[in-house]
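> Next come a sequence and a model predicted from it.
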Amino acid sequence: MNQKLALPEDVLMSIEKPERYIGHEINAVFKDKDKIDIRFAMCFPDVYEIGMSHLGIQILYDMFNKFEDTWCERVYSPWVDLDKIMREKNLSLFTWESQDPVREMDFLGITLQYEMCYTNILQILDLSNIPLIATERTWEDPIVIGGGPCSYNPEPIADFFDIFYIGEGETRYRELLDIYKESRKNNESREDFLYKAAKIPGMYVPRFYEPVYNEDFTLKEFRRLKDDIPATIVKELVTDLDETYYPEKPIVPYMKVTQDRVVLEIMRGCIRGCRFCQAGQIYKPVRERSIEFLKQRAETLLKNTGHEEISLSSLSSSDYSHIEELVNFLIEDCTKKKVNIALPSLRIDQFSVDVMEKVQDIKKSSLTFAPEAGSQRMRDIINKGLTEEDIINGAVLAFKGGWTKVKLYFMLGLPFEEEEDIEGIAKLCNNIAAAFYEAIPKEKRVNGKVSITASTSFFIPKPFTPFQWAKMNTKEDFIDKAEHTKHYIMSQLNQKVIRYIWHEADVSMLEGVMARGDRRLSKVILMAYKKGCIYDAWSEYYKHDVWLECFEECGIDPFFYTTRERKDDELFPWDFLDCGVSKAHLLREWKKAQAAIVTDNCKKRCVGCGTAKFDCGLCINR
Amino acid sequence: MKVRIKFSKHGVLKYVGHLDFMRYFQKAFRRTDIDVVYSKGFSPHMIISFAQPLGVGVESDGEYFDVEVNDNENVDLFVQKLNEQMAEGVEVLEAIVLPEKAENAMASVAAAAYEIEFYKDAPLTEKLIKQFIDSPTVEYVKKTKTGERTINIKDFVFDIRYLSMRCMYICVDASSGGNLKPATLCDALLKLDNKNIEDYPFHVTRKDTYKRNENSELVPLNKF
């Protein structure tokens, strides 16, 4: 047996859950490092059980390891207990497979899934002994490359990355690796390699671009420092999802991770144009995987992992063309194999209620609705194509099927919100409760009563959405609105069966700053990290006071990014990126939102958002 | 029918805790074509019961669990089928059909044997082990939730042998009523020599797990 561990035994025995750090899971890939040219460390900058649950990394891990000359390994953030010990004992961060130092790798790829992981990126670099600032690195250090949803506004973290890969990872890595091999063989400088990389479609090399600001710190110009690199970087995407990488043998962790199941990605993109949703815009156009592909993969993946649950992944599973056939196939196949089926993001209608009856324990489970807003006016503003009638009908179907627990998700602080919209949340909850008592006769009420949980989160405007122009609420506004929501719920007739929960407002403010931030924020993030901020996504470790102190010391006003009114023609820090959806379309949608006019979804009618230029998916197969 | 599986666990997997290791075996079974019997209800689970949890950091040559499988299964193929699905460091050693009236693995555990290896400094001497064996009582203050309790360690030790200055073999009570942790014995032993266990880190390997046969002798869990 030849199993190496980077951490000594006494360290492993003194920390929480040492199994987070041991690697060697089922289906992990090992290669002979003398027989490969490129070592790629793929990092999710959060704790193992979160990072291990991410499908995108499993897909890219599979792709890289199919390349004969490349060995892809994984890296995660050490939890706070180990972080402290590694600093005290000067231990360097390692990859999970070989347990070799991260610094020995050729590439360090970091996935950017949420803004609140930014200090963890610095933790990863720091513990790996890699200079935090990209331009201070040498060939002794890996090329640090970022990707994922937050790379659609990479500017706040631009100083820390050598390259950002904009778009879906399956298309351009081979090209990048080939150029890298060539550059190293010819003893070219790191700068020369990056210059070549900047010419590959989808690659953004921040050091070759420079923001120029107006006096009020809005962006005046985004300047190229080399002539022959693109002024606008167009996102990369897979045009045919059946002809690409999809792991047949995903890694099976020992620990119970957040996503302890087979995840079947049925499609990318979303036909709906909810105006608050970034994922709905940046992954357009909708591209489906074929039903044959999915049936075959479901069986292979269950067989190769031994997982006892399978789940479908997409932004809106009910919109998949063959959803009924797929779900019926899974029910039949999985019942035989004693496998559970999890069906998130299904719209509540007759079909989904029938399906859930077969796959869920009605007494224990609850049904989830995401109306996002309480009033019809507000649902029209956000373009959520859902009426109160749809919601009540869906709930009644569920009540007749035996469910008594309903969860509802709302947002507070949406643009143009008024008092009636907040009150609408309470009224909608009340009407659902009333519908229960009306639809279900007393003798048939399973638990005697209905139970409704209303949950609100605070709206954060994101780049590449129609709401990228919107003012965000302050923390005080948010708390005030949550109090109002609570008050309105308490004054409903059925208030006893309605439970209300809301999220914290401090973290939302920082997320709002980072989401629409510019390059000036790099120094704030660096200072916050140096003052001990990591794991900002975990409320117990989030240090709001320290962050405020850093903004102050850097002379940067956080409200510039959140509550400021933006003009229609303002140049945004992310405008040099092209996700397919045009700024003109987003602006049209912003105007329609102000007038509370809804826009058709892509299946009903093409509204000319701009992604037709990619010539694939729903844009051509209508 | 019920089948008793014996396996060993070494290497990095010693850091995988008991509950996760049970899930590991359930997933391994699902990767084979072995027809395991499931419980009824909305979330059916495999009927598997482990003999004795193995602490985090402990390796083993003799672990056991019982699993119920379809009567038509050919148990002779289990070792091979399961080993094809094992991670490096875990090896399935034997699979036997349980006799009709056999007690389940967990209930029948009486004792466990361990090899203790001090990997930094070597605190063991033949004299110390002899002193332990010759003392009629070795008192040890056990901290419990409600307070402290003094026990005579010797009531729970069936065998102790000196192997080297770093190494000893012990066989101790592992029954549900009287389980003695190897670390407790090491602590008590070093105290006799006025040494602090904290200064002497050690590895533990479980050598085997035992039940009592009809003559009250200790025999491995797979011997009938």
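Looks like it arrived, so ask away.
> Okay, domains of the chain per the record?
If you meant another chain, say so; for now it's chain A. Dividing chain A into domains by automatic domain parsing, as the record does, gives the ranges A:9-234, A:582-619.
> um, chain B though
When chain B is parsed with automatic domain parsing, its domains come out as B:2-106, B:109-220.
> For chain B, which segments are assigned as helices?
With DSSP state H as the definition, chain B shows helices at residue ranges B:18-31, B:78-83, B:105-108, B:126-134, B:182-192.
> If you average pLDDT over each of these, which is lowest?
Per-segment confidence across those bottoms out at helix B:105-108, which has a mean of 92 in mean pLDDT.
> What about the closest residue to chain B within the stretch 251-400 of chain A, how many residues nearby?
Nearest residue of the stretch 251-400 of chain A to chain B, counting by Cβ to the nearest Cβ: residue A:306, 3.2 Å away. In short, each C-beta sits where N, CA and C put it, glycine included. Residue A:306: 20 surrounding residues under other Cβ atoms under 10 Å in any protein chain shown.
> I'd guessed it sits against residue A:252; true?
Yes - with contact taken as Cβ atoms under 8 Å, residue A:306 and residue A:252 are classed as touching, separated by 6.7 Å.
> between the two, what contacts are shared?
Shared contacts of residue A:306 and residue A:252, defined by Cβ atoms under 8 Å, 6 or more residues apart in numbering or on different chains, are found at A:26, B:27.
> interface residues of the stretch 151-300 of chain A facing chain B?
Residues of the stretch 151-300 of chain A lying close to chain B (Cβ under 8 Å from any Cβ of the partner chain) are A:252, A:254, A:255, A:256.
> pretty sure the first one is touching residue A:58, no?
No - in terms of Cβ under 8 Å, residue A:252 does not count as a neighbour of residue A:58; the distance is 10.7 Å.
> mind checking pLDDT for the residue of the stretch 401-550 of chain A found nearest chain B?
Nearest residue of the stretch 401-550 of chain A to chain B (Cβ to the nearest Cβ) works out as residue A:402 at 12.8 Å. Reading off the confidence values, residue A:402 has pLDDT 85.
> Count the residues that sit near it.
14.
> how much space between it and residue A:537?
37 Å (Cβ to Cβ, to the nearest Å).
> swap in residue A:440?
Counting by Cβ to Cβ, the gap from residue A:440 to residue A:537 is 41 Å.
> swap in residue B:141?
With distances taken as Cβ to Cβ, residue B:141 is found 44 Å from residue A:537.
> Comparing these two, which residue is more hemmed in?
Neighbours around residue B:141 and residue A:537, counted as other Cβ under 10 Å, are more numerous at residue A:537. The numbers are 21 against 10.
> right, and that one touches residue A:118 too?
No - taking contacts as Cβ under 8 Å, residue A:537 lies outside contact range of residue A:118: 9.7 Å.
> least trustworthy helix or strand in chain B by mean pLDDT?
The element with the least model confidence among the helices and strands of chain B, by mean pLDDT, DSSP states H and E, is strand B:139-143, at a mean of 89.
> buried ones in it?
Burial within strand B:139-143, assessed by neighbour count using 16 or more other Cβ atoms under 10 Å in any protein chain shown, is assigned to residue B:140.
> Paired strands for that strand, with orientation please.
For strand B:139-143, the paired strands and their directions (DSSP bridges) read strand B:148-152 (antiparallel).
> Compute the inter-axis angle for the partner strand and helix B:182-192.
Here strand B:148-152 points in a direction 80 degrees away from that of helix B:182-192 (axes from the mean of the first three to the mean of the last three Cα atoms, to 10 degrees).
> Any buried residues in strand B:148-152, and which?
Of the residues in strand B:148-152, those scored as buried under the neighbour-count criterion (16+ other Cβ under 10 Å) are residue B:151.
> pLDDT of it, averaged?
91.
> just stretch A:568-582 next, same as before
Averaging pLDDT along stretch A:568-582 yields 98.
> How far away from the center of its chain is that stretch?
Taking Cα atoms, centre = their mean, to the nearest Å, one finds the center of stretch A:568-582 at 20 Å from the center of the full chain.
> residues touching the residue nearest to residue B:47 when sequence neighbours are not counted, list them.
Taking Cβ to Cβ, 6 or more residues apart in numbering or on different chains as the measure, residue B:47 lies nearest to residue B:68, with 4.3 Å between them; neighbours along the chain are not counted. Contacts for residue B:68 (Cβ under 8 Å, 6+ apart) come out as B:1, B:2, B:3, B:36, B:37, B:47, B:48.
> Generate CSV for the residues you listed, with pLDDT and neighbour count as supplementary columns.
As requested, these are exported to CSV (pLDDT from 0 to 100; neighbours: other Cβ atoms under 10 Å in any protein chain shown):
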residue, pLDDT, neighbour count
B:1, 94, 14
B:2, 95, 18
B:3, 97, 18
B:36, 95, 19
B:37, 94, 16
B:47, 87, 14
B:48, 92, 17
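> which parts of chain B sit against chain A?
Counting by Cβ under 8 Å from any Cβ, chain B sits next to chain A at B:10-13, B:15-17, B:19-21, B:23-24, B:26-31, B:38, B:42-45, B:56-57, B:85, B:87-89, B:119, B:201, B:203.
> Buried among those residues? Make that a PyMOL selection.
Here is the PyMOL command that picks out the buried ones among these, judged by 16+ other Cβ under 10 Å:
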select buried, chain B and resi 10+11+12+13+15+16+17+20+21+23+24+26+27+28+29+30+31+56+85+87+89+203
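> How many residues are close by residue 94?
Reading this off chain A. Other residues near residue A:94 number 26, with proximity taken as other Cβ under 10 Å.
> was after chain B, sorry
Under the neighbour criterion other Cβ under 10 Å, residue B:94 is assigned a count of 14.
> With residue A:132 instead?
Under the criterion other Cβ under 10 Å, the count of neighbours that residue A:132 has is 18.
> cool, residue B:212 as well?
The number of residues packed around residue B:212, counting by other Cβ under 10 Å, is 14.
> Equivalent analysis for residue A:496, please.
Burial of residue A:496, expressed as a neighbour count using other Cβ under 10 Å, amounts to 11.
> Okay, it and residue A:396: tell me how far apart.
Computed with Cβ to Cβ, the distance linking residue A:496 and residue A:396 is 20 Å.
> Provide the secondary structure category for the nearest residue to residue A:367 once chain neighbours are set aside.
Sequence neighbours aside, residue A:398 is the residue nearest to residue A:367 in space, at 4.7 Å (criterion: Cβ to Cβ, 6+ apart). Three states are possible here, and by DSSP: H, G, I helix; E, B strand; the rest coil the one that applies to residue A:398 is helix.
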